[in-house]
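*Asks:* Build me a structure from this.
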Amino acid sequence: MRNYAVYFVILSVFLFNGCTKPNPDEVKKLSTEIEKVNLQIKEAKKDIEKYGEGSALHAMVSLRLSVFKQTQAMLEQKKVSSWYFPKSSYTINGQIFSPPEKANELIPKLENEIVKARDEWKISQGKAESAGGLLRAFALMETEVKSLRVAQLEYQLSAYKNGYPPLYPKIDTSKLSSPVSTATEEIKKKVHKSSAKKIESKPTKYEIDIETMKKSVFVKLLNKTYYPSDWESGRYEDNLRLEFQYKNSSGKDIRAFTGFVTFMDIFEREFLNVNLTVDTLIPSGKSLNDSDKSLKINNFSDVHKKLVATDMENLKTKFTPVSILFKDGTKLGTTNQ
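*Replies:* I've put the predicted structure just below:
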């Protein structure tokens with residue numbers, strides 16, 4: 001009888017500590033993050049199949065895949081911890097890891113870095129699509145480097161949000177430096193030898209599209225208005241209403257366009273990029289005012305607070321187009337993610 005009592009006590013302690021305090025909301029959030037990472041892993045595996053094993057591109061995609069897998073493992077561990085156990089800890093070099101005290105301040109900065117990194121990645125993708133031959137190989141390498149950067153930043157962001165170490169797999173440059181530098185030098189030599197074809201001075205289709213788009217649509221910030229959260233009015237988040245003016249100088253009716261607005265201080269120092277997509281028809285030679293754009297303000301973000309606080313006369317902007325769709329069905333640029 002005594003043995004049965006002991007077993008009952010042990011079982012009761014396990015059930016009390018392990019199963020009575022699950023966090024379903026946390027588990028649901030982590031499940032969503034895991035699903036997203038699983039899709040990234042699937043896409044990376046497809047990309048690896050495009051390149052021969054031992055090539056620089058294969059190595060770069062493999063690194064990206066390893067970052068995704070580490071993110072997946074950490075999130076899975078965190079999910080199990082959130083469901084079954086009250087606490088979990090991580091040990092690095094014999095010391096228990098503790099999340100930084102100012103993690104909430106680092107999160108918005110990382111989110112801003114990720115926006116910039118993704119924009120650079122999109123531009124490099126466009127260059128790779130429009131290039132050919134050896135120049136395409138070089139452009140693909142640049143794209144993979146930027147893609148890896150995005151993966152690393154996303155891992156760090158997930159780490160700070162979920163309390164695990166923000167350490168992604170280190171890049172073994174010994175495996176990459178030789179193929180990358182060799183490929184680069186070969187491209188330079190062949191471009192130099194092909195001077196008669198003027199490969200070096202000939203712009204790519206995407207570069208031509210970029211210059212054409214810059215002359216086709218102009219975006220001007222007319223005003224900004226800050227609206228703090230107000231539960232009685234049904235406004236649950238702080239918002240910054242942005243009023244823009246779009247001018248179509250392309251010579252054709254614009255059906256839609258997308259790109260990003262860069263906010264700068266009075267000395268034209270950039271501090272924030274914001275994606276902008278417009279799907280309202282703008283006739284050729286006409287302007288359109290739009291007061292329907294807004295930005296959710298994160299009060300933990302220094303750049304968001306700076307945008308709200310900066311007076312209009314001290315705020316400068318520039319618009320970088322990514323793609324323009326014309327009414328006749330033609331398109332400039334790329335919308336690949």
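*Asks:* switch to C-alpha atoms for all contacts and neighbour counts from now on
*Replies:* Noted.
*Asks:* Residue ranges in the stretch 201-337 of the chain under the pLDDT threshold?
*Replies:* 201-203, 335-337 (pLDDT under 70).
*Asks:* One more pass at 50, please.
*Replies:* Scanning the stretch 201-337 of the chain for pLDDT under 50 picks out 337.
*Asks:* just the stretch 51-200 of the chain next, same as before
*Replies:* Judged by pLDDT under 50, the stretches of the stretch 51-200 of the chain that qualify are 169-184, 186-188, 190-191, 194-200.
*Asks:* And the strands in it?
*Replies:* Remark: strands assigned in the stretch 51-200 of the chain by DSSP state E, counting those that start in this stretch are 91-92, 95-96.
*Asks:* correct me, but residue 334 touches residue 323?
*Replies:* Yes: Residue 334 sits in contact with residue 323 when judged by C-alpha atoms under 8 Å, with a separation of 5.3 Å.
*Asks:* Helices along the stretch 1-150 of the chain, start to end?
*Replies:* 2-19, 24-48, 56-84, 103-130, 133-162 (DSSP state H, counting those that start in this stretch).
*Asks:* looking at these, which is closest to residue 239?
*Replies:* Of all those, helix 103-130 sits nearest to residue 239, with 15.7 Å by C-alpha to C-alpha.
*Asks:* Report all helices and strands that the closest one contacts.
*Replies:* Secondary-structure packing of helix 103-130 (3 or more C-alpha pairs under 8 Å, 6 or more residues apart in numbering; DSSP states H and E): helix 133-162, helix 205-216, strand 270-278, helix 302-309.
*Asks:* A helix includes residue 299, no?
*Replies:* No: assignment of residue 299 by DSSP: H, G, I helix; E, B strand; the rest coil gives coil, placing it outside any helix.
*Asks:* That one: what's it in contact with?
*Replies:* Contact analysis of residue 299 by C-alpha atoms under 8 Å, 6 or more residues apart in numbering lists residue 305.
*Asks:* any idea how far it is from residue 310?
*Replies:* Computed as C-alpha to C-alpha, to the nearest Å, the residue 299 to residue 310 distance reads 15 Å.
*Asks:* who wins for proximity to residue 246 among the helices of the stretch 1-150 of the chain?
*Replies:* Across the helices of the stretch 1-150 of the chain, closest to residue 246 is helix 103-130 (C-alpha to C-alpha), at 21.0 Å.
*Asks:* how far does the closest one sit from the chain's center?
*Replies:* Put simply, helix 103-130 sits 4 Å off its chain's centre (C-alpha atoms, centre = their mean, to the nearest Å).
*Asks:* Return the set of buried residues in that helix.
*Replies:* 106-110, 112-119, 121-128, 130 (16 or more other C-alpha atoms under 10 Å).
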